[in-house]
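**Student:** using only what follows, build the 3D model:
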Amino acid sequence: MTALKKLFEPIQIGSMTLPNKIIMPALTTFYDFEGGNRFADFYVERARGGVGLIILGAFQSLYPGRAGKSGWIPDESVKEKGPAKLNHDFYIDRLRKWTHAIHENGGKVAAQVATYGYWAKGGLGDPAEEVSPSGVRLQGEVFRPGLENLTFMREGRSLTVDEIHTICDQIGDAALRAKKAGFDAIELQALGGNLLSRFLSPVTNRRTDEYGGSLENRAGMLLETIANIKKKLGHEFPLLCRINGEDFIPGGMTLEDYKQLAPMLEKAGVHALDLMPGWYETRQPMNQMCVPRGAFIYLAKGLKQVVKIPVAANIRINDPALAEQAIAEGKADLIAMCSALIADPDLPRKAREGRLEDIRMCTGCCTCWSDLAEKFQPIGCSINARVGKEAQLVITPAKETKKVWVIGGGPGGMEAARVAALRGHKVTLFEKQGRLGGQLLYADLPPHKGEWKYFIQYLSTQIRKLGVEIKLNKEITAKEVEGGKPDVVVAATGARPLIPPIPGAQRTNVVTAIEALTGAKTVGRSVVVIGGGSLGCETAEFLAEKGETVMVIDMLPRMGNDIDLWNRWVILDRMSASGIQMQPNTNAVEITEKGVRTNTEGQSRFFPCDTVILASGYKEDAALASALEGRVPLVLRVGDCVEPQRVKQAVQSGFKAGLEV
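**Tutor:** Model (predicted):
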């Protein structure tokens, strides 16, 4: 039992008392686009888990909110479906349902009031236009790759002084709607490159009037907005302000600039500061696994030096012990956990009870963010199959106890064993290796991938505590399975490396990526990696860090093609910085004892090397599952045994198998 005391002391924000110092910051989920109860179900689960404050949003305060909604007039349909906003009274009833659901389950809830930079000057029915402080667009080198064309990054017409006053008034109206909808607090969004933060930045604010020039002037619109909110809601109604603390764009505001801004916000009546470093456009990694835990706590520490109001640290804080340390050392007053509470909604309760080993800690894989930004679909989670399906995927006791054998100890197999055991089944897990983890044992070997080991640790701890019988170093046969007479077999036998049909692929100077990562075979000083997907890129990084000279070739025109949007640019930036050569549009046609002969865009080329690494992916290992069909009552296939896939799909299939047995 690990006691966390400071994290679970109450804290005051204006007239609101929070039971602990963990807050869940505003998050785009896309659940509200669908209608129904999915949005409420997601947040109710987090309220039950004991988080101190949930912040919903970002809710657009200006009409219509997005340029794509030009001329759109709200109607009755927005009460139940589509993105909820605060720019019209139409939304109040729907928002009230959400605040009521969270309150009914013991939570406190704030509304984040946002301004994205699209505005219809004439109000309802008028077309939206892009507005800005000065009509300045950031230069392309600032952009995070893949985001150049997103609409919220455009800079439009400069606002007049009268228009600034009007917008400040409209934001105040939006905050008042939130109060009417039952929110306990308001959070004003002034970060990330949205309208208010673009007024703050000397990069995008080139005005020469009272809203430009000095920081005091550039902060004028934000301070005027705060005054408007205070006038309409009262001075004591809890008001948080979310700011960057550091912009991480060339010429943007630094921590020292925010240390000058913070006292202005405190004097204006803000009751707490919530930090979210970086603009949307920044090329600085933020949420990714490569970012060290607690990397941005220093920003909260810096602002605490200049204000007396609470300051919340944020980003890559997935461990309650780290959160406790930050508060105990006076570096932060509150801890904002977003992806950590996606991964485990019960994190606060488990941490308060000292059950840290039972917490499913976020790995920083960023699947949740990629679901939104790349696939434009509601968020999911690699390690929590119930995200967004809280009301559908419920673990209930089985009607009868069954003998369940799980073959394979990877993430899919362990998740199936965990869920089946929770339902009351007698579960035995067989793993041919000497330890649990499956492909994740290799996934955490490359640089910056170490968080995966904690998910292995979580699953293995849970199945042991649930009484699952674990048999390691046991490669079981179909005959042995049949003789054991299980009621259900969950086949989680994984996948094996795919060996491409390249002449020379069986030579002694050829090794698979897994053999290179594990050290099972010796790798020379110069290497050509065949395969530029995630496996090839991560293996290349691993070898480059050891001092090898590395080239990666791939037949596709785009390196890292299977890496999600949120991680791809980070990995490719690191590879370039490490001196790894990348050769797309290149087919390996022959491997010799001295290197690789290729066809590169129609030209024959030869790349000399000591060792050739095969990173061509995996092929499912379904032989045992096929052999068992018809010989046992039920065979369920999960994970890579179905087809090679990501951790998210393996965990989801394992969870569903556990429910099905």
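**Student:** domain assignment for the chain?
**Tutor:** Domain ranges of the chain: 6-373, 403-497+619-660, 510-616, per automatic domain parsing.
**Student:** of all those, which one comes closest to A391?
**Tutor:** Nearest of the domains of the chain to A391, taken as Cβ to Cβ: domain 6-373 at 4.6 Å. No exception for glycine: its C-beta is placed from N, CA and C like everyone else's.
**Student:** mean confidence for that closest one?
**Tutor:** Averaged over domain 6-373, pLDDT sits at 93.
**Student:** state which helix of this protein is the longest.
**Tutor:** Assignment by DSSP state H gives helix 161-180 as the longest helix of the chain.
**Student:** quick check: buried residues in it?
**Tutor:** In terms of neighbour count (16 or more other Cβ atoms under 10 Å), helix 161-180 has its buried residues at 164, 167-168, 170-179.
**Student:** repeat for stretch 366-374
**Tutor:** For stretch 366-374, a neighbour-count test (16+ other Cβ under 10 Å) marks C366, T367, C368, W369, S370, D371, L372, A373 as buried.
**Student:** which residue sits closest to the residue nearest the centre of the chain, ignoring its sequence neighbours?
**Tutor:** Nearest to the geometric centre of the chain sits C366, at 3.6 Å (Cα atoms, centre = their mean). Spatial nearest neighbour of C366, excluding adjacent residues (Cβ to Cβ, 6 or more residues apart in numbering): W566 at 4.0 Å.
**Student:** returning to that earlier point: dump the residue contacts of the residue nearest to the centre of the chain.
**Tutor:** By Cβ atoms under 8 Å, 6 or more residues apart in numbering, the residues touching C366 are N287, Q288, M289, S339, D564, W566, N567.
**Student:** tell me which of these is nearest to R157?
**Tutor:** Among the contacts of C366, and counting by Cβ to Cβ, the member closest to R157 is W566, at 31.5 Å.
**Student:** model confidence over the helix or strand containing the closest one, on average?
**Tutor:** Per DSSP states H and E: W566 is located in helix 565-577. Helix 565-577 comes out with an average pLDDT of 93.
**Student:** mind listing what's buried along it?
**Tutor:** L565, W566, N567, R568, W569, V570, I571, L572, R574, M575.
**Student:** what packs against it?
**Tutor:** In terms of contacts (3 or more Cβ pairs under 8 Å, 6 or more residues apart in numbering; DSSP states H and E), helix 565-577 is packed against helix 367-373, helix 534-545, strand 581-583.
**Student:** closest one of the buried residues of helix 161-180 to V419?
**Tutor:** The closest of the buried residues of helix 161-180 to V419 turns out to be A178 (Cβ to Cβ; 38.6 Å).
**Student:** contacting residues for that closest one?
**Tutor:** Going by Cβ under 8 Å, 6+ apart, A178 touches F59, L86, L95, A111, V113, I186.
**Student:** at 7 Å what do you get?
**Tutor:** Listed by Cβ atoms under 7 Å, 6 or more residues apart in numbering, the contact set of A178 reads L86, A111, V113, I186.
**Student:** got the end-to-end distance for stretch 555-571?
**Tutor:** 19 Å (Cα to Cα, to the nearest Å).
**Student:** now G409, what's its secondary structure?
**Tutor:** coil (DSSP: H, G, I helix; E, B strand; the rest coil).
**Student:** check contacts around the closest residue to it other than its chain neighbours.
**Tutor:** In this structure, G409 finds its nearest non-sequential neighbour in E431, 3.4 Å apart by Cβ to Cβ, 6+ apart. Counting by Cβ under 7 Å, 6+ apart, E431 touches G408, G409, L472, K474.
**Student:** so which pair among these is furthest apart in space?
**Tutor:** Within the contacts of E431, two members stand farthest from each other by Cβ to Cβ: G408 and L472, at 11.8 Å.
**Student:** more neighbours, the two?
**Tutor:** With neighbours defined as other Cβ atoms under 10 Å, G408 and L472 compare such that G408 has more, 31 against 13.
**Student:** which residue sits closest to the more buried one in space, ignoring its chain neighbours?
**Tutor:** A492 (3.3 Å).
**Student:** doesn't N587 make contact with T598?
**Tutor:** Yes: T598 is within contact range of N587, at 6.1 Å (criterion: Cβ atoms under 7 Å).
**Student:** out of those two, which sits in the busier spot?
**Tutor:** A direct count of neighbours by other Cβ under 10 Å for T598 and N587 places T598 higher, at 22 against 14.
**Student:** quick one, what contacts S370?
**Tutor:** Contact analysis of S370 by Cβ under 7 Å, 6+ apart lists D564, L565, W566.
**Student:** with adjacent residues omitted, what lies nearest to it?
**Tutor:** S370's closest residue in space is D564 (Cβ to Cβ, 6+ apart), at 3.7 Å.
**Student:** hmm, the one you found is touching E374, no?
**Tutor:** Yes: applying Cβ under 7 Å, one finds D564 in contact with E374, separated by 5.9 Å.
**Student:** rewinding a little: would you turn the contacts of S370 into a markdown table with distance to Q439?
**Tutor:** Formatted as a markdown table, those follow (distance: Cβ to Cβ, whole Å):
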| residue | distance to Q439 |
| --- | --- |
| D564 | 17 |
| L565 | 22 |
| W566 | 21 |
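**Student:** closest to N228 among the residues you listed?
**Tutor:** Distances from N228 to the contacts of S370, taken by Cβ to Cβ, are shortest for W566, at 35.7 Å.
**Student:** and the gap between the closest one and G294?
**Tutor:** W566 is 20 Å from G294, where distance means Cβ to Cβ, to the nearest Å.
**Student:** between the buried residues of stretch 366-374, which sits nearest E130?
**Tutor:** For the buried residues of stretch 366-374, the residue nearest E130 by Cβ to Cβ is A373; the value is 20.4 Å.
**Student:** ok, the closest one - contacts?
**Tutor:** L565, W566.
**Student:** switch to numbering from 28
**Tutor:** In the new numbering, first residue 28, that becomes A400.
**Student:** residue with max distance from the center of this protein?
**Tutor:** Distance-from-mean max, the chain, by Cα atoms, centre = their mean: G510 at 44.7 Å.
**Student:** top of the contacts of A205 by neighbour count?
**Tutor:** V140 (32 neighbours).
**Student:** and that one, that one's in a strand?
**Tutor:** Yes: assigned with three-state DSSP, V140 falls within a strand.
**Student:** list the contacts for it?
**Tutor:** By Cβ under 7 Å, 6+ apart, V140 lies in contact with F86, S88, L113, I198, A201, A202, A205, I213, E214, L215, Q216.
**Student:** can you tell me which of these is nearest T231?
**Tutor:** The shortest approach to T231 among the contacts of V140 belongs to Q216, at 16.0 Å (Cβ to Cβ).
**Student:** hmm, that closest one is touching C268, no?
**Tutor:** No: Q216 is beyond contact range of C268, at 8.3 Å (criterion: Cβ under 7 Å).
**Student:** on that earlier part again, C-alpha coordinates for the longest helix of the chain, CSV please?
**Tutor:** Extracted in CSV, the C-alpha atoms of helix 188-207 (Å, rounded to 0.1, in the frame of the first residue of the first chain):
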residue,chain,number,x,y,z
VAL,A,188,-11.8,47.6,-31.8
ASP,A,189,-15.6,47.6,-31.8
GLU,A,190,-15.7,43.9,-32.9
ILE,A,191,-13.3,43.0,-30.1
HIS,A,192,-15.7,44.5,-27.6
THR,A,193,-18.6,42.6,-29.2
ILE,A,194,-16.7,39.3,-29.0
CYS,A,195,-15.7,39.8,-25.4
ASP,A,196,-19.4,40.4,-24.6
GLN,A,197,-20.4,37.2,-26.5
ILE,A,198,-17.9,35.1,-24.6
GLY,A,199,-19.4,36.4,-21.4
ASP,A,200,-22.9,35.4,-22.7
ALA,A,201,-21.5,31.9,-23.4
ALA,A,202,-20.2,31.6,-19.8
LEU,A,203,-23.6,32.7,-18.5
ARG,A,204,-25.3,29.9,-20.5
ALA,A,205,-22.8,27.4,-18.9
LYS,A,206,-23.9,28.6,-15.5
LYS,A,207,-27.5,28.2,-16.4
